[in-house]
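Asker: Sequence isn't available, so here's the structure alone:
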């Protein structure tokens, strides 16, 4: 602490000690006076409840939960006038103004210890009067030893602050003038605050231990006290405040005489960096003892400004660990007020670090850029089809960039960098495995791959014939595999895994056919596939059919006898991806009116289109249109001619070759 602060603190302590010795009164619980010729016991009570906060800057009376800071000195001197703080209504309905007016000087000082602040307040009543006293000279009120400890530091818009507060009142005040208690008093409570930009709301609540008092109509002991303060900062360190404070006796809970409430409206503004002026005016809101008719005053505060910011980095000096070096505000430890040349402490200066907020992981993988490679915890497990672990595997993991890693046991867990990895594995009795997988930036993942056993083989001999038994040169495929093998001269021979298979054979201008075969282990199976000539042919502009599509009479319902034909057409379209767009045309004869025939032809063309889509033809490759009787290909004067005109035709509108 500076010599200037130490001098001020010593001066305040000396003045408080001198005043305490000078104005020590006698101790009693009540004062015997004569009013209107009758003896009256007037209770000795501290009728002036006002004790300004030592260090609050946004309220006059209410304590907040702000962090005091270490080695911070607070001094506040308040001068105020109070009118009628003690108006007493005796049991006989007589009303006496025990304390009519008082001018007071309140001196308070505190010292910050980090999260805690200790302090002392000493009110001096320069002048007071009332029905039971003439205008009198100076008198001391009860000095208070004051402490506040911050439990939770508040954060703007994010978190409220919370502190524990405590006070001990020393019975050194002028209790015979109803300006102090006759015995030791004490307070214990909580202070909370919450800041939203320029607004700061504070609230206090606690219990107040006081000597027992007899006010005639009620007897009171300890008190429940509370305060609420709201401050609004109009500009830097200047604004308006509102305080509401009061208490009520536990033994006379919220009875008017034992429940004073007072409100103060104030303003605050700085006059120097370390000095703050507060002015206030208010009045009591109830008729309880201690609730005045009017109060007005001003306060001058000295404090090491908690908002001071010597290096202009936005962090108050009270929390700035580097007051002369501004924080670099790079989202890394920005709350300490110190610049950080190597935020992530990975040995790469921020100016050269590709990831200044994320430390290099130094795992021998791209360790030159200062960035972690996003390693994830990856478990590799190789199993057989029955779920059992593969015995004695040999496999390696190949990164996109870098050297492969080899392993001989499963499972294994490794830290792998983010990106694509290739798993290559072999094992006795198993087919080789090659699989690519993606590793995320972080987290854990399981790569569980099934290795297939080496298949037992057999020989498949395939013969493709036409209905007359003549060989057909064509192609064939096994099961649902996409690859097709050739059958030159109508014969195909190939080793395949032993077991049951389906074989599908094709030949130009013939419909494909599928048969089943069971290939023995190390043996030979021969299968014959007979292909029938196809009823579907693809030309440059059309898909021609050697039959007709039949519908139920006067309906758009396809007859079952046409299913096989339409299946061939659908398969032909699927087998010719170069046919990008096929137009399905519906036509009728001239029977019926024109509108009816147009609608019927459209519905029949749509029915064929939907049939193809259900067979796997992409909808985008199909369009349907009905022409009614407008495009006959034969006469409508004979039954045979009308039958030819009732047709479905397929035209190629667009192709890629």
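Answerer: Looks like it arrived, so ask away. These numbers come from a predicted model, not from an experiment.
Asker: Buried residues in stretch 98-111, which are they?
Answerer: Neighbour counts over stretch 98-111 (16 or more other C-beta atoms under 10 Å) mark 98-102, 104-111 as buried. Every residue, glycine included, has its C-beta placed from N, CA and C.
Asker: Stretch 422-441 too?
Answerer: So, applying 16+ other C-beta under 10 Å, buried residues of stretch 422-441: 423, 425, 427, 430, 433, 439.
Asker: What's opposite the last one in the beta bridge?
Answerer: Here residue 439 sits in beta bridges with residue 419, going by DSSP bridges.
Asker: which residues does the closest residue to residue 336 other than its chain neighbours contact?
Answerer: Nearest residue to residue 336, sequence neighbours excluded (C-beta to C-beta, 6 or more residues apart in numbering): residue 321, at 4.8 Å. Residues near residue 321 by C-beta atoms under 8 Å, 6 or more residues apart in numbering: 336, 337, 338.
Asker: Quickly note the distance from the second one to residue 324.
Answerer: Spelled out, it's residue 337. 10 Å (C-beta to C-beta, to the nearest Å).
Asker: dump the residue contacts of the nearest residue to residue 533 once chain neighbours are set aside.
Answerer: Distance criterion C-beta to C-beta, 6+ apart; nearest residue to residue 533, sequence neighbours excluded, is residue 510 at 5.7 Å. Residues in contact with residue 510 (C-beta under 8 Å, 6+ apart) are 466, 472, 474, 531, 532, 533, 534.
Asker: just those now: which is nearest residue 281?
Answerer: residue 534 (105.4 Å; C-beta to C-beta).
Asker: can you count the residues close to residue 392?
Answerer: For residue 392, the tally of surrounding residues (other C-beta atoms under 10 Å) stands at 9.
Asker: With pLDDT, secondary structure and distance to residue 604 as added columns, please give the buried residues of stretch 98-111 in JSON lines.
Answerer: Below are the buried residues of stretch 98-111 laid out as JSON lines (pLDDT from 0 to 100; DSSP: H, G, I helix; E, B strand; the rest coil; distance: C-beta to C-beta, whole Å):
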{"residue": "98", "pLDDT": "75", "secondary structure": "strand", "distance to residue 604": "110"}
{"residue": "99", "pLDDT": "81", "secondary structure": "strand", "distance to residue 604": "108"}
{"residue": "100", "pLDDT": "84", "secondary structure": "strand", "distance to residue 604": "110"}
{"residue": "101", "pLDDT": "89", "secondary structure": "strand", "distance to residue 604": "109"}
{"residue": "102", "pLDDT": "89", "secondary structure": "strand", "distance to residue 604": "108"}
{"residue": "104", "pLDDT": "92", "secondary structure": "strand", "distance to residue 604": "106"}
{"residue": "105", "pLDDT": "94", "secondary structure": "strand", "distance to residue 604": "107"}
{"residue": "106", "pLDDT": "94", "secondary structure": "strand", "distance to residue 604": "102"}
{"residue": "107", "pLDDT": "94", "secondary structure": "strand", "distance to residue 604": "105"}
{"residue": "108", "pLDDT": "95", "secondary structure": "strand", "distance to residue 604": "100"}
{"residue": "109", "pLDDT": "95", "secondary structure": "strand", "distance to residue 604": "102"}
{"residue": "110", "pLDDT": "94", "secondary structure": "strand", "distance to residue 604": "97"}
{"residue": "111", "pLDDT": "91", "secondary structure": "strand", "distance to residue 604": "99"}
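Asker: Out of these, the closest to residue 572 would be?
Answerer: residue 110 (95.4 Å).
Asker: Name the nearest residue to the closest one, sequence neighbours excluded.
Answerer: Residue 110 sits nearest to residue 119 (C-beta to C-beta, 6+ apart), 3.1 Å away.
Asker: Am I right that the one you found sits in a strand?
Answerer: Yes: with DSSP: H, G, I helix; E, B strand; the rest coil as the criterion, residue 119 is located in a strand.
Asker: Next, work out how far apart it and residue 166 are.
Answerer: 11 Å.
Asker: Please enumerate the shared neighbours of the two.
Answerer: Counting by C-beta under 8 Å, 6+ apart, the contacts common to residue 119 and residue 166 are 146, 147.
Asker: any residues in contact with both of residue 337 and residue 324?
Answerer: residue 311.
Asker: Tell me which of these two has more neighbours.
Answerer: residue 337 (23 against 9).
Asker: who are the neighbours in contact with the more buried one?
Answerer: Residue 337 touches 311, 313, 315, 319, 320, 321, 322, 323, 326, 327, counting by C-beta under 8 Å, 6+ apart.
Asker: Please type out the PyMOL selection for whichever of the residues you listed turn out to be buried.
Answerer: In PyMOL syntax, the buried subset of these is picked out as below (16+ other C-beta under 10 Å):
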select buried, resi 311+313+315+319+320+323+326+327
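Asker: of all the contacts of residue 337, which comes closest to residue 295?
Answerer: Using C-beta to C-beta, those come closest to residue 295 at residue 319, 35.2 Å.
Asker: quick one: the closest one and residue 338 touch, right?
Answerer: No: using C-beta atoms under 8 Å, residue 319 makes no contact with residue 338, being 11.2 Å away.
Asker: Check the contacts of residue 321 for the minimum pLDDT and say which it is.
Answerer: Among these, residue 337 carries the weakest pLDDT, at 74.
Asker: what are the phi and psi values for that residue?
Answerer: Main-chain dihedrals, residue 337, degrees, to the nearest 10: phi 80, psi 10.
Asker: partner residues bridging the nearest residue to residue 127 once chain neighbours are set aside?
Answerer: Counting by C-beta to C-beta, 6+ apart, residue 127 lies nearest to residue 103, which is 4.8 Å off, once chain neighbours are set aside. Residues in a beta bridge with residue 103, per DSSP bridges, are residue 81, residue 127.
Asker: What's the separation between the residue nearest the centre of the chain and residue 197?
Answerer: Centroid-nearest residue in the chain: residue 158, 13.3 Å away (criterion: C-alpha atoms, centre = their mean). In this view, residue 158 and residue 197 are 12 Å apart by C-beta to C-beta.
Asker: for the stretch 101-250 of the chain, which spans come out with low pLDDT?
Answerer: The stretch 101-250 of the chain contains residues with pLDDT under 70 at 132-136, 174-178, 216.
Asker: can you give me the strands for it?
Answerer: Counting by DSSP state E, counting those that start in this stretch, the segments of the stretch 101-250 of the chain that form strands are 116-130, 133-136, 139-140, 144-152, 161-169, 185-196, 199-209, 213-214, 219-220, 223-235, 238-249.
Asker: Using a markdown table, lay out those together with distance to residue 290.
Answerer: Below are those laid out as a markdown table (distance: least, C-beta to C-beta, whole Å):
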| stretch | distance to residue 290 |
| --- | --- |
| strand 116-130 | 14 |
| strand 133-136 | 17 |
| strand 139-140 | 17 |
| strand 144-152 | 16 |
| strand 161-169 | 14 |
| strand 185-196 | 13 |
| strand 199-209 | 12 |
| strand 213-214 | 11 |
| strand 219-220 | 11 |
| strand 223-235 | 10 |
| strand 238-249 | 8 |
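Asker: now the helices: where do they sit in the protein?
Answerer: Here the chain has its helices, by DSSP state H, at 3-22, 563-575, 594-614, 639-645.
Asker: rank those helices by pLDDT, which is bottom?
Answerer: helix 3-22 (a mean of 41).
Asker: so what's the nearest residue to residue 528 once chain neighbours are set aside up against?
Answerer: Closest residue to residue 528 apart from its sequence neighbours, by C-beta to C-beta, 6+ apart: residue 463 at 4.8 Å. Each residue near residue 463 by C-beta under 8 Å, 6+ apart is listed here: 471, 490, 491, 526, 527, 528, 529.
Asker: Would you write a ChimeraX line that selects the buried entries of those residues?
Answerer: Only the buried entries of those go into this ChimeraX selection, using 16+ other C-beta under 10 Å:
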select :490,527,529
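Asker: Show me the contacts of residue 463 that map onto strands.
Answerer: Cross-referencing the contacts of residue 463 against strands under DSSP state E gives 491, 526, 527, 528, 529.
Asker: For the third one, report the pLDDT, please.
Answerer: In other words, residue 527. Reported pLDDT for residue 527: 93.
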